[in-house]
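**Q** quick one, what's the 3D model for this:
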Amino acid sequence: MFGFRRATPEVTWKVIEGDFVLGACARRIFGYASRGTDGSWSVFDDEARPIGTFAEPSHAKAVLWQAHREAHDTTCAAPLDIRPRRAADRGSVPLADTSGRVAAHPASW
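**A** Numbers count the residues shown, from 1 in each chain. Sure, this is the predicted structure:
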C-alpha cells in the first residue's frame, strides 16, 4: 500500500467487507468511507473528522481525494528531505525531550 521512497500522486483504495473503503496515497492513509445501513457513504479524513455523506462510493472517493490533495502535494509528494513532519504541525513533543520524565501515578494505583 505504501512506498516510502515514491513521491507520486498514486491513490490506493482498499475495500474491506464491502462497506468500508480506506484511501491511501504514496506515503499515508488519508481517510476512509463507511456505508451506513441506509446505503449512504459517510466520509471521514485521517483524523476521523466527517467530510460528508454521499450516495455512491465513487463520489465518496472523489471527495476524499480532493480533501487530501493539497496536503498531498505539499507533504506526501514532497521529497523526503524537505517534507514537513506531521508532529511539528500538531505541536507534539519529540520523544527525546520526554525520555527523562516519569508520569505521576495516582495513589489508587
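**Q** how about the strands in this structure?
**A** 12-16, 20-24, 29-35, 41-45, 50-54 (DSSP state E).
**Q** want to throw the ones you listed into JSON lines with distance to residue 69?
**A** (C-beta placed from N, C-alpha, C; glycine too.) Output for the strands of the chain, formatted as JSON lines (distance: least, Cβ to Cβ, whole Å):
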{"stretch": "strand 12-16", "distance to residue 69": "15"}
{"stretch": "strand 20-24", "distance to residue 69": "11"}
{"stretch": "strand 29-35", "distance to residue 69": "9"}
{"stretch": "strand 41-45", "distance to residue 69": "12"}
{"stretch": "strand 50-54", "distance to residue 69": "13"}
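**Q** for the ones you listed, give me TSV that also has mean pLDDT.
**A** Output for the strands of the chain, formatted as TSV (pLDDT from 0 to 100):
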stretch	mean pLDDT
strand 12-16	90
strand 20-24	92
strand 29-35	93
strand 41-45	94
strand 50-54	94
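**Q** contacting residues for residue 51?
**A** 31, 43-45, 63-64, 67 (Cβ atoms under 8 Å, 6 or more residues apart in numbering).
**Q** then residue 21?
**A** With Cβ under 8 Å, 6+ apart, residue 21 has these contacts: 13-15, 32-34, 41, 57, 60-61.
**Q** what's the farthest-apart pair in these?
**A** 14 and 41 (14.8 Å; Cβ to Cβ).
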